[in-house]
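A.B. asks: the sequence and its predicted three-dimensional model are supplied below.
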Amino acid sequence: MAEPVDAPPSATQRRLLDAARDAFAAKGFHGTTTRDIAAAAGMSPAAVYVHHRTKESLLFAISLDGHQATLRALADAAAGEAEPGGRLAAMVRRLVLGHVLDHTMARVVNYELAALTPEHRVIIDALRHDIQQSIRTALVDGVETGAFDCVDVGMTTNAIMGMSIDVARWYDERDAWQPERIAEHGARMALRMAGATDSRH
């Protein structure tokens, strides 16, 4: 049975989740021990089990939080844009920026999926589908209104999602590229992939 996830985490739980996130990002899920996480959180291994019975349940909590936050961010970005071009650009801008600013969490939630239990993977896959569907809907709307000249909506959706997510893998805070510039570039690339017929976005 999964731990309850509706209540916001306490300060102790937040410290534990942050420690697990950083450890998973640095060593991978399978390379991280519960003792590693406990030490990083300033807790004993026994104290970890008070909050999470397994290491996998920590990964699920992190993944759930990350995907739900992304879905909320995309909905917020889309709400302010009536036209498909503006909506797609706003959502991709927000998606890329989130993966840059919170690249540590993004690497964990996107590249440690295989470590989730089947029950937890079903939940996360449903959220990932909803995230992808929000991009696909903007593309479909753009094609139907003539705003986009997009030959294959499904493939273009996958390409935009892959580009937006993968930024978390290669982004380096020491680079000269500022997060906002990367996000803006991603939005422009998404419009090109969509075959936007209006260059004002």
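C.D. replies: Looks like it arrived, so ask away.

A.B. asks: CA atoms for contacts and neighbours, from now on please.
C.D. replies: Will do.

A.B. asks: and the contacts of the lowest-mean-pLDDT helix or strand in the chain?
C.D. replies: One helix or strand of the chain scores below all others by mean pLDDT, DSSP states H and E: helix 45-51, with a mean of 80. For helix 45-51, contacts defined as Cα atoms under 8 Å, 6 or more residues apart in numbering pick out 13, 16, 34-35, 38-39.

A.B. asks: just how off-centre is the longest helix seen in the chain within its chain?
C.D. replies: Ranked by number of residues, the top helix in the chain under DSSP state H is helix 118-145. Helix 118-145 sits 12 Å away from the centroid of its parent chain (Cα atoms, centre = their mean, to the nearest Å).

A.B. asks: one more: stretch 93-110?
C.D. replies: Relative to its parent chain, stretch 93-110 has a centroid offset of 5 Å by Cα atoms, centre = their mean.

A.B. asks: ends of that stretch, what's the gap?
C.D. replies: With Cα to Cα, to the nearest Å as the measure, stretch 93-110 spans 18 Å from end to end.

A.B. asks: okay, buried residues for it please.
C.D. replies: 93-100, 103-110 (16 or more other Cα atoms under 10 Å).

A.B. asks: between which two of those residues is the distance greatest?
C.D. replies: Greatest spatial distance in the buried residues of stretch 93-110: Arg93 and Val108, 20.7 Å, computed using Cα to Cα.

A.B. asks: so which of the buried residues of stretch 93-110 are in helices?
C.D. replies: Applying DSSP H to these, the entries found in helices are 93-100, 103-110.

A.B. asks: out of those, which is nearest to Cys150?
C.D. replies: Taking Cα to Cα as the measure, Cys150 lies nearest Arg93 of these, at 19.5 Å.

A.B. asks: quick one: contacts for the closest one?
C.D. replies: Arg93 makes contact with 183-184, 186-187 under the criterion Cα under 8 Å, 6+ apart.

A.B. asks: export these as JSON lines, with columns for secondary structure.
C.D. replies: JSON lines is the format used below for the contacts of Arg93 (DSSP: H, G, I helix; E, B strand; the rest coil):
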{"residue": "Ala183", "secondary structure": "helix"}
{"residue": "Glu184", "secondary structure": "helix"}
{"residue": "Gly186", "secondary structure": "helix"}
{"residue": "Ala187", "secondary structure": "helix"}
